[in-house]
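>>> The sequence and its predicted three-dimensional model are supplied below.
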Amino acid sequence: MNKQIVLASRPTGEPLAGNFRLVEAPLPELAAGEVLVRHHYLSLDPYMRGRMNEGRSYAEAQRLNEVMVGATVGEVVASRSAHFQVGDQVVGMGGWQEYQLLDGDRRGALRKLDRSPIPLPAYLGVVGMPGITAWYGLLQVIAPQPGETIVVSAACGAVGSVVGQLARLRGCRAVGIAGGPEKCRVVVEEFGFDACIDYQQHPDTRSLAAALGAACPRGIDGDFENVGGRILDAVMLRCNSFARIALCGMIAGYNGEAIPLSAPQLILVNRMKIEGFIVSEHMERWPEALHELTRLVAEGRLKYRESIAQGIESAPDAFIGLFKGRNLGKQLVRLI
């Protein structure tokens, strides 16, 4: 039997456990060309909240009563495809379920992993989509120069933590924004940022902007934005002329909150570039990004953290925890 989590109803505001349902389905027989994958880990990411809504977006909305979308890494346990053998380790978009049956001939559905010292769950984080997102947004959108100051919101998360480390490796000053003293400690002591601001200690935009001013005495040249709202407002108050902002996520509005800019005139006054991006639209850069990220992890020069929940049944609660700041680093669910 295959345990699965489906979307039972669309959330209004914050997602609740009742928006999900655990179901079981028998494993079908393999047809010619098909592959059966046993998932070892499931990735939980904030973008999934946006897909739970109906309406226009960059991706199709999650359908009701179907398996929740999500990246997975696992092992081929049965194969009638010439492209995959039993025992192959693979990464794909297997969804919130223990097994996935798919066409082994469908290009791009599964990526076979080389046996390497990189731990399997890292392919869903630092050397997976989150790491590539960090790499692309920093290097292709912000394009940092040595000596510049780069600010990163959600700096203790799977994406933000990589952004700051890559910025430091390119000779920049990296300043994080995170929630709580423990996360700020990890950002500085483990991920090597120059400073980290606890936004929970600054309840209004002016106070947060003042803290940014102290941490960024030369102003802000680049901002990797994962949150939006008052975080972005405070950053913009400290931006230099010709600052570049990479809009990766707007988690402040994922549950339907209004997030207007408080001072949009600064975009003109400072001749700022603000660019949103979706990393899946830039697949041509993935090999280059993965090559660098894998090398840095193997050399011990790129650090990462993981929060791991156990069992498919834990996925809804772990996902809800993403929006309450319960995770530290990449949020995963171990399925074996």
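Looks like it arrived, so ask away. Residues are numbered from 1 along each chain as shown.

>>> can you pull out the helices in the stretch 201-336 of the chain?
205-215, 230-237, 265-269, 286-298, 315-322 (DSSP state H, counting those that start in this stretch).

>>> How many residues are close by the residue nearest to residue 64 when sequence neighbours are not counted?
Leaving aside its chain neighbours, residue 64 sits nearest to residue 7 (5.6 Å; criterion: C-beta to C-beta, 6 or more residues apart in numbering). To be clear about C-beta, it is placed using only N, CA and C from the backbone, and glycine gets the same treatment. For residue 7, the neighbour count with other C-beta atoms under 10 Å is 23.

>>> next one: the one 10 residues further on
A count of nearby residues for residue 17, using other C-beta under 10 Å, gives 11.

>>> Next: residue 210.
15.

>>> ok, it - contacts?
residue 202 (C-beta atoms under 8 Å, 6 or more residues apart in numbering).

>>> Going by residue numbers, what spans are strands in the stretch 51-200 of the chain?
72-79, 89-92, 99-103, 110-112, 149-153, 173-178, 195-198 (DSSP state E, counting those that start in this stretch).

>>> can you redo those as JSON lines with mean neighbour count, mean pLDDT and distance to residue 289?
Shown next, in JSON lines, are the strands of the stretch 51-200 of the chain (neighbours: other C-beta atoms under 10 Å; pLDDT from 0 to 100; distance: least, C-beta to C-beta, whole Å):
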{"stretch": "strand 72-79", "mean neighbour count": "21", "mean pLDDT": "97", "distance to residue 289": "17"}
{"stretch": "strand 89-92", "mean neighbour count": "20", "mean pLDDT": "96", "distance to residue 289": "14"}
{"stretch": "strand 99-103", "mean neighbour count": "19", "mean pLDDT": "96", "distance to residue 289": "25"}
{"stretch": "strand 110-112", "mean neighbour count": "17", "mean pLDDT": "93", "distance to residue 289": "14"}
{"stretch": "strand 149-153", "mean neighbour count": "30", "mean pLDDT": "98", "distance to residue 289": "17"}
{"stretch": "strand 173-178", "mean neighbour count": "28", "mean pLDDT": "98", "distance to residue 289": "18"}
{"stretch": "strand 195-198", "mean neighbour count": "22", "mean pLDDT": "98", "distance to residue 289": "25"}
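
>>> Just send these back as a markdown table, with distance to residue 268 too.
Formatted as a markdown table, those follow (distance: least, C-beta to C-beta, whole Å):
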| stretch | distance to residue 268 |
| --- | --- |
| strand 72-79 | 44 |
| strand 89-92 | 43 |
| strand 99-103 | 49 |
| strand 110-112 | 43 |
| strand 149-153 | 20 |
| strand 173-178 | 25 |
| strand 195-198 | 26 |
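
>>> what's the closest of the helices of the stretch 201-336 of the chain to residue 121?
With C-beta to C-beta as the criterion, residue 121 lies closest to helix 286-298 of the helices of the stretch 201-336 of the chain, at 12.0 Å.

>>> what comes up buried for the closest one?
Neighbour-count burial for helix 286-298 flags 286, 289-290, 292-294, 296-297 (criterion: 16 or more other C-beta atoms under 10 Å).

>>> related to what we said a few turns ago, looking at the helices of the stretch 201-336 of the chain, which is closest to residue 73?
helix 286-298 (13.9 Å).

>>> contacting residues around that closest one?
Taking C-beta under 8 Å, 6+ apart as the rule, helix 286-298 contacts 116-118, 122, 126-127, 131-132, 135-136, 162, 169, 302, 304.

>>> Give me the most central residue, this structure.
By C-alpha atoms, centre = their mean, the chain has its centre lying nearest to residue 130, at 4.2 Å.

>>> From residue 215, how far off is that residue?
Going from residue 130 to residue 215 by C-beta to C-beta, to the nearest Å gives 24 Å.

>>> got it, and residue 50?
30 Å.

>>> same thing with residue 315?
From residue 315 to residue 215 the distance is 36 Å (C-beta to C-beta).

>>> quick one, which of the two is more surrounded?
residue 315 (23 against 20).

>>> Check whether the more buried one really touches residue 5, as I assumed.
Yes - with contact defined as C-beta atoms under 8 Å, residue 315 counts as touching residue 5 (5.3 Å).

>>> between these two, what contacts are shared?
20, 68, 96.

>>> how does the chain divide into domains?
What the record gives for the chain is the domain set 2-125+305-334, 129-280, from automatic domain parsing.

>>> Just name the most buried of these.
domain 129-280 (a mean of 20; mean count of other C-beta atoms under 10 Å).

>>> That one: end-to-end distance?
Length of domain 129-280, first residue to last, C-alpha to C-alpha, to the nearest Å: 8 Å.
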